[in-house]
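Predicted model and sequence follow; I will ask about them next.
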Amino acid sequence: MVNLDKLKTQFIREHLKIDESYKNIFSFIDFGNVNNWFKKDKQDWDNKLIAENEKIDIDIDKLKDFTELFSSYTRCYYGKDPENNGSVSFNYALKRVFGKHNFIFKDLQKIKHYQESKKEKNIKLFKTDKSGKNYIEIRKCNFDVEISVDVIKKINQYDTLCLFSGDADFVYLNNFLRKRGKKVILIKGGYITSKLRDSADLVINAQKIKKYIAKIKQGPN
């Protein structure tokens, strides 16, 4: 009997050029980075235009299933806005999919960026503080430290790190691992620096895996 799951795994590994030399692979997902991969895309994975009332989102169930085709372990990281019910609900969904021990979260930082005057096209984005000054609230949540610490803690358990991120801050981590005989697979969306590219053994463009991890949803693109 033909094992379809095995054939699918073999096909995808060959498609992505993940050969046997990568051996045991652990995947770490910087979801804040991954979540923006297809935000501006106007075409689906078959290069067909999507409707104006549609957008392409990451399907977290498909993402987890995809990593399991070549990884023996996956951990996901994402920020949470405790004042936003949608954000809280989505974090629960991520915890359900990746497991409570392999989903790491922390609260978003809200940074005030002050402006001298409001621009008409962005007027809805502005808030005003108690002194009457205008500002834009920038929300940020960086997991570089958490991911790096976890990668180092588990260094004796894998042969290859698969990093889902295009963040240049991971250059130092990647080079550290390769000096210690590990391999690095980088799955990235859009532009990355040459130093980040050179720090990996294999670089995979997110467009190449879009059909495996994305879905089309109703909503403005």
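On my side now, so go ahead. Numbering: from 1, shown residues only.

Summarise which helices and strands whichever strand or helix holds Ile29 is packed against.
Counting by DSSP states H and E, the element that carries Ile29 is strand 25-30. If contacts are counted by 3 or more Cβ pairs under 8 Å, 6 or more residues apart in numbering; DSSP states H and E, strand 25-30 sits against helix 60-67, strand 73-80, helix 144-153, strand 160-164. (Each C-beta comes from the backbone N, C-alpha and C, glycine too.)

Tell me which of those sits nearest to Ser194.
When the helices and strands packed on strand 25-30 are compared by Cβ to Cβ, strand 160-164 sits nearest Ser194, at 16.7 Å.

now the residue nearest the centre of the chain: how far from Gln43?
Taking Cα atoms, centre = their mean, the centroid of the chain lies closest to Val34, which sits 2.4 Å from it. Distance of Val34 to Gln43, computed by Cβ to Cβ, to the nearest Å: 19 Å.

do the same with Ile209
From Ile209 to Gln43 the distance is 15 Å (Cβ to Cβ).

Those two: which is more packed in?
For Ile209 versus Gln43, neighbours defined as other Cβ atoms under 10 Å are more numerous around Ile209 (21 against 13).

can you count the residues close to Phe26?
Neighbours around Phe26, by other Cβ under 10 Å: 22.

Do you have the strands of the protein handy? List them.
25-30, 54-58, 73-80, 103-107, 109-115, 126-128, 134-140, 160-164, 183-188, 202-205, 214-218 (DSSP state E).

Turn these into a markdown table, columns for mean pLDDT and distance to Asp150.
Formatted as a markdown table, the strands of the chain follow (pLDDT from 0 to 100; distance: least, Cβ to Cβ, whole Å):
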| stretch | mean pLDDT | distance to Asp150 |
| --- | --- | --- |
| strand 25-30 | 98 | 7 |
| strand 54-58 | 95 | 21 |
| strand 73-80 | 96 | 6 |
| strand 103-107 | 93 | 8 |
| strand 109-115 | 61 | 20 |
| strand 126-128 | 63 | 35 |
| strand 134-140 | 62 | 20 |
| strand 160-164 | 98 | 10 |
| strand 183-188 | 98 | 15 |
| strand 202-205 | 98 | 21 |
| strand 214-218 | 93 | 26 |
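
Tell me which of the ones you listed approaches Leu196 most closely.
Nearest of those to Leu196, taken as Cβ to Cβ: strand 183-188 at 7.0 Å.

Which of the residues in the closest one are classified as buried?
Across strand 183-188, burial judged by 16 or more other Cβ atoms under 10 Å covers Lys183, Val184, Ile185, Leu186, Ile187, Lys188.

quick one: which of the residues you listed is nearest to Tyr92?
Nearest to Tyr92 among the buried residues of strand 183-188, with distances taken as Cβ to Cβ, is Ile187, at 25.0 Å.

residues in contact with the closest one?
Contact partners of Ile187, counting by Cβ atoms under 8 Å, 6 or more residues apart in numbering, are Cys162, Leu163, Phe164, Ser165, Ile204, Ala206, Ile209.

Out of the buried residues of strand 183-188, which comes closest to Leu108?
Of all those, Leu108 sits closest to Lys188, with 22.8 Å by Cβ to Cβ.

ok, what's across the strand from the closest one?
Asn205 (DSSP bridges).
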